[in-house]
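**Q** quick one: sequence plus predicted model below, questions after.
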Amino acid sequence: MKIENSVVLVTGANRGIGRTFVEELLKRGAAKIYVAARDTAAVADLLKSGDRRLVPLPLDVTDPYQVAAAATVATDVTLLINNAGFAAFDGAISAPTMDDARTEMEVNYFGPLALTRTFAPILAKTGGGIINMLSMLSLISLPMAGTYAASKAAGLSLNRSIRAELGAQGTQVIGVLAVQTDTAMGAKLPEPRLSPVEVVTDTLDALEAGTNDEVVAGGQSRGIYQAFTADPQKIQAMMLTRLPKRA
Ligand SMILES: NC(=O)c1ccc[n+]([C@@H]2O[C@H](COP(=O)([O-])OP(=O)(O)OC[C@H]3O[C@@H](n4cnc5c(N)ncnc54)[C@H](OP(=O)(O)O)[C@@H]3O)[C@@H](O)[C@H]2O)c1
């Protein structure tokens, strides 16, 4: 699909990769962008530009009422970007409780599932697509982010099933595989890191080229992906040495 004249909803649009999506979508001629955030005060500086294409939308992706309400407002969406994410960066065993593991599943798995189910009928009418921000950790387990990686693996599996189910209505579904990126989340991961611009540019280029598959975004991601596909056991074994600090 093309970005020009599209109507986009970006979750977690207030910072990090989500904000970069908004900036790049504006440059590519999106007609309207619902900048969804838990706290819309956090997008106030974006709105200060006076660009009338930006529409703030309160949206906690784990809140079923807010998800339903979003679909009553954003009835013209042609591209849904499930970007919001949470990572505790803790071990599956060493984490003091299972609370963060549950939050990761709520934000990274159930949130995108709820939004996709809610917006699928809108996308059936308007055409277009869905971008799900996954992670290279959707493919490779990392003990220092054990439960986050598991939530992103669930997200990848879901992404593939959704693509198959929505194929009949012509919805393009992209899942983004990226390594550590220079945001608040990525700051907890080792350097070097991708720039959010590189991740977003590669993703939107793939969308506009008609890709209906996973996209490996960023040069560093492609290097890791090639090494992983050449010898999955070797790369997985290397990652399994990265234990949580508390372990
Ligand atoms: N950075 C990386 O290294 C990296 C690599 C690969 C993939 N990813 C994925 O890319 C996406 C964006 O990550 P990022 O690096 O930009 O992270 P980030 O800087 O930590 O930003 C996370 C965003 O998600 C929002 N969010 C968290 N919980 C939410 C909820 N319940 N409802 C709505 N919004 C919520 C945050 O809003 P608040 O400001 O309200 O907290 C924030 O806008 C995530 O899905 C992440 O898993 C990141």
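**A** The structure has been received and is ready for your questions.
**Q** pull up the residues of this structure that are close to the ligand.
**A** Residues of the chain lying close to the ligand by CB under 6 Å from any ligand atom are 11-12, 14-18, 38-39, 42, 59-62, 83-87, 107, 133, 135, 178, 180-181, 183-186, 189. Every residue, glycine included, has its C-beta placed from N, CA and C.
**Q** and those, which are buried?
**A** 11-12, 14, 16-18, 38, 42, 59-62, 83-87, 107, 133, 135, 178, 180-181, 183, 185-186, 189 (16 or more other CB atoms under 10 Å).
**Q** quick one on the thing from earlier: and the residues of the chain next to the ligand, which of them are in strands?
**A** M133 (DSSP state E).
**Q** could I get the pLDDT score of A247?
**A** With respect to pLDDT, A247 scores 63.
**Q** quick one: P244 is in a strand?
**A** No: read with DSSP: H, G, I helix; E, B strand; the rest coil, P244 is coil and lies in no strand.
**Q** what about the closest residue to it other than its chain neighbours, how many neighbours?
**A** Once flanking residues are discounted, P244 sits nearest to G91: 3.4 Å by CB to CB, 6 or more residues apart in numbering. By other CB atoms under 10 Å, the residues close to G91 number 18.
**Q** is it correct that G91 is in contact with A150?
**A** No: the pair G91 / A150 is not scored as a contact, 11.5 Å apart, by CB atoms under 8 Å.
**Q** about what we covered before: are we agreed that the residue nearest to P244 is in a helix?
**A** No: applying three-state DSSP, one finds G91 to be coil, outside a helix.
**Q** now do the contacts for it.
**A** Neighbour list for G91: P143, M144, G146, L243, P244, R246, A247 [criterion: CB atoms under 8 Å, 6 or more residues apart in numbering].
**Q** what helices or strands is the lengthiest helix in the chain leaning on?
**A** In the chain, taking DSSP state H as the definition, the longest helix is helix 146-166. Here helix 146-166 touches helix 99-105, helix 111-126, strand 129-133, strand 172-177, going by 3 or more CB pairs under 8 Å, 6 or more residues apart in numbering; DSSP states H and E.
**Q** tell me what angle the shortest one forms with helix 111-126.
**A** This means strand 129-133. 160 degrees (axes from the mean of the first three to the mean of the last three CA atoms, to 10 degrees).
**Q** done for today, thanks.
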